[in-house]
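> Pasting the sequence and the predicted model now:
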Amino acid sequence: MARALKVERFGEKVVGVNITGNPKNAEPESFRICFPWGNVEVTRAQDGKPRDDTDYWVHVYVNNPGSVNYCPDEDSGEYAGPGAIFDARLDQTDKHASESNLGDFGRAELYHLAVKVGPLGRSR
């Protein structure tokens, strides 16, 4: 599996992993990136389908003592501290982000979702 996922450069200040959806390239069902206060997980929604029919869920989690999807602290392996979602934005080609609402998720013009995460307890 380690051979299937390779860290790549996507610019001078950006690195990442290219999940291709190619069934010949053995990929994990889910891929998680941990950061302070939470994590992002990309999960394949269907197995065994051709690449052009495969959907992915992109999950944003904040650390919460009651959650099973928190990233442990690197040194202690314990819960790393609670996080909170402070803001979110939907970007669309024909609307300003301030005009967006949850009903916009089905629109073809929607191309970006941003979620701002930080430590729980900090003033927003």
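Structure's in. What do you need? No experiment lies behind these values; they were computed from the predicted model shown.
> From here on, just use CA atoms for contacts and neighbour counts.
Will do.
> Check whether Trp57 really touches Val40, as I assumed.
No: contact criterion Cα atoms under 8 Å: Trp57 and Val40 do not qualify, at 10.4 Å.
> distance between the lowest-mean-pLDDT helix or strand in the chain and the chain's centre?
Every helix and strand in the chain was compared by mean pLDDT, DSSP states H and E; the lowest is strand 30-35, with a mean of 88. Remark: strand 30-35 is offset 7 Å from the chain centroid, using Cα atoms, centre = their mean, to the nearest Å.
> Which secondary structure element is home to the residue sitting nearest the centre point of the chain?
Relative to the mean C-alpha position of the chain, the nearest C-alpha, by Cα atoms, centre = their mean, is the one of Val40, at 3.4 Å. Val40 is part of strand 38-44 when elements are defined by DSSP states H and E.
> Name the residues that touch that strand?
With contacts defined as Cα atoms under 8 Å, 6 or more residues apart in numbering, strand 38-44 is touched by 29-34, 54-63, 70-71, 83, 117.
> Keep only those of those residues that are in strands.
30-34, 56-62, 83, 117 (DSSP state E).
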